[in-house]
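Q: after the sequence you'll find the predicted model.
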2 protein chains.
Amino acid sequence: MVSMKDISAVCGVSVATVSKALNDHDDIGKETKKRIRQVAEEMGYFPNTAAKMLKTHRSYNVGVLFNHEDYSGLTHDYYAFVLDSMKNTVEEKGYDITFVNTSKNRAGAMSYLEHCKSRGFDGVAIVCTDFYSPEILQLVRSGIPAVTLDHLFNNVSAVMSNNVQGMQDLLTYIYKKGHRRIAYIHGADSAVTQSRLSSFYRTAGQLDLTIPDEYIRMSPYRDTKGAYRETQYLLDLEKPPTCIIYPDDFSAFGGYNLMQERGLRVPDDISIAGYDGIRIARHIEPTLTTLRQDTAELGRQVGEKLISLIEHPKTTLVETIVVEGHVFEGNSVAEINAKSTSKDVPS
Amino acid sequence: MVSMKDISAVCGVSVATVSKALNDHDDIGKETKKRIRQVAEEMGYFPNTAAKMLKTHRSYNVGVLFNHEDYSGLTHDYYAFVLDSMKNTVEEKGYDITFVNTSKNRAGAMSYLEHCKSRGFDGVAIVCTDFYSPEILQLVRSGIPAVTLDHLFNNVSAVMSNNVQGMQDLLTYIYKKGHRRIAYIHGADSAVTQSRLSSFYRTAGQLDLTIPDEYIRMSPYRDTKGAYRETQYLLDLEKPPTCIIYPDDFSAFGGYNLMQERGLRVPDDISIAGYDGIRIARHIEPTLTTLRQDTAELGRQVGEKLISLIEHPKTTLVETIVVEGHVFEGNSVAEINAKSTSKDVPS
DNA sequence: CGTATTTACTTAATCGTTTACCTTCCTTTG
DNA sequence: CAAAGGAAGGTAAACGATTAAGTAAATACG
């Protein structure tokens, strides 16, 4: 690898001059600068990141935390798409992305924070992880520039998909389609689940919908079998719902399977809605009505906020950025006559 | 950050002694070693990767090339799963993963190779990219340890999903189910497509199947609309196929849509098969019969080969590792009476 | 007992950059 | 014309590690 030393030799100047020329300092003459740069180009010079890092304490590399206990973010459409968008955003600004992990190094196991410091990451995006682990707490409290996705910490910037508005929009959409008996199978407990669930209740209240307790079920995210089971429960109720909202699109397919099996047509006999807006859901008939989260925007915001925190730590606000989703109108929710009001539903 | 200097001060030894103690060299006394290590632990020491890299020319970081022109690997199930598996494999061995890109740095745009050298990657996995670009050629010819996925270069280790065997198995399976009129919508031209297509023809020959030209169609990968169109063409033939093989699972859903629309039941009226074995395909009824590629194994092999090339460059063979997939038997391919032989099919 | 070897460290150079602080050589300016 | 200031570049230390080579003391050996 050609270094500044090599260039300095060729140009007959000192290494310092080369460095300054390449970094466009203004105490180097125009001609010299030009010559040095040209020679650097010709010799195929590019800087040694390690050396640069060592001196400047800047890596132009950001870590991304992507290890959930239950699944890898990579295998999860939502997170993968957010990461993809974030990747494009930060690469555009000259940063690279490295996965943060907690596995062994030559010097034994390191925590997330230790890994970040050891690698000299300029910042870290906490996208998909167990937010309640002590290691994550240690990380966000360390003061390293950080942005979380869909989780709030004190004094840490966050980008949040608006689950409250999302659920409200979705439920309202379904309501407007004439549905009054609407069940919601929510995911396992988490901040996101809480938001959606409380928004569901609040919106139902505003719409004057009475939701019987048995219409609220739980099934883990992306668990088609679980969704299938809960759908079974719901359909077997004395007064089954006319529409079921699933924890996510994946789960919705689990419900859909049962409908198929029972010869129920979607949406003619029963309506379903998902959440997320994963790609495949737009490509299978009946296309799934779902709340499509704006993964491109979420990723962009995470990336931009993070870099802003890195580059302008003083003037960048620590804030929560809320990104709106929108109802993707597939054809899995039927227009029906609102013949039964909420009063008909046993509570 | 606490450095070796700090430790050396506390322990009253030289920095060299600290380094050697921590790296377990055998010219340091047992007691001293123990003490130094303990102090290091207490002080929360962990090595500065940049400094280490600068001296040792080892980064314990591998690059992964993941930028296709048409799509990001992250948004593609097959690649995302391979990456996930590879990530786990290399992290287990103490390596990190950074995405290789070609975008701007302080010093202007860099090629893939320049990026790799600048960052000091120990190796690079070329997973999802345009293999015909000059930059990729430059990269693989540079001699940096590299492993490609599903593409062969001279003198570069490759991990390949066995598309020849895969297509043979899939077609044979379908044949054994009694199908004789089998169409294949293949993907856009690529090495992978070539393998599958030629294997399709060869296997058909072996099975004594005559495949009329109009049974071979093209539709880009993961293009549900295209698959829909080609399915239309096939179903409208005078003698339509009894089974259609799609370029991938995603596309298969495109075909499925048309069946639904026309009131054709899968598999009773028409059979379909995909390729890849993406997760969702196993969770929607009728579950898709497909050739499931072993992404976990593919990723593991890429990771292991790469690290082996890095750590034992002399003794590691440059070779092509072939990973077998297997037919995932869903219920989208019906058992039928082989009432029509290949002879019935107009050629 | 004197020399050779081993043990346990220390010294100092080095990796490739950056940058504070000099040093020259000019150009101004009163 | 002397002093001051600016322009252009050089010197050398530093970032945090690694490692070849050196050294002093302890041990082994003939």
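A: That came through fine.
Q: residue A:272 against residue A:248, yeah?
A: No: assessed by Cβ atoms under 8 Å, residue A:272 is found out of contact with residue A:248, at 11.9 Å. No exception for glycine: its C-beta is placed from N, CA and C like everyone else's.
Q: any residue of the helix or strand where residue A:306 lies touching DNA strand C?
A: Following DSSP states H and E, one finds residue A:306 within helix A:295-311. No: figure legend: helix A:295-311 not in contact with DNA strand C (Cβ under 7 Å from any atom of the strand); closest approach 14.7 Å.
Q: what residues does that helix touch?
A: A:62, A:78, A:81-90, A:93, A:95, A:122-125, A:127, A:145-147, A:149, A:157, A:159, A:161, A:316, A:318, A:321, A:323 (Cβ atoms under 8 Å, 6 or more residues apart in numbering or on different chains).
Q: mind listing what's buried in that helix?
A: By neighbour count on 16 or more other Cβ atoms under 10 Å in any protein chain shown, the buried set for helix A:295-311 is A:295-310.
Q: what of stretch A:213-233?
A: Those buried within stretch A:213-233 under the rule 16+ other Cβ under 10 Å are A:214-215, A:217, A:219, A:221-224, A:226-231.
Q: just stretch A:8-28 next, same as before
A: A:8, A:10-11, A:13, A:17-22, A:28.
Q: flag every residue of chain A that's near DNA strand C.
A: Going by Cβ under 7 Å from any atom of the strand, the residues of chain A near DNA strand C are A:1, A:3-5, A:15-16, A:19-20, A:22-23, A:45, A:47-48, A:51-52, A:54-56.
Q: give me the domain ranges for chain A.
A: A:4-47, A:61-161+A:297-325, A:163-292+A:328-344 (automatic domain parsing).
Q: would you list these in a markdown table and tack on mean pLDDT?
A: Output for the domains of chain A, formatted as a markdown table (pLDDT from 0 to 100):
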| stretch | mean pLDDT |
| --- | --- |
| domain A:4-47 | 95 |
| domain A:61-161+A:297-325 | 93 |
| domain A:163-292+A:328-344 | 94 |
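Q: for the stretch 151-300 of chain A, which residue gets nearest to DNA strand D?
A: Using Cβ to the nearest atom of the strand, the closest approach of the stretch 151-300 of chain A to DNA strand D is made by residue A:156 at 25.4 Å.
Q: who touches that residue in this structure?
A: Each residue near residue A:156 by Cβ under 8 Å, 6+ apart is listed here: A:140, A:146-148, A:318.
Q: give me the distance between it and chain B.
A: 21 Å (Cβ to the nearest Cβ, to the nearest Å).
Q: again, but for residue A:66
A: Distance from residue A:66 to chain B, by Cβ to the nearest Cβ: 9 Å.
Q: count of residues packed around the closest residue in space to that residue that isn't next to it in sequence?
A: Closest residue to residue A:66 apart from its sequence neighbours, by Cβ to Cβ, 6 or more residues apart in numbering or on different chains: residue A:73 at 4.1 Å. A count of neighbours around residue A:73, defined by other Cβ atoms under 10 Å in any protein chain shown, yields 24.
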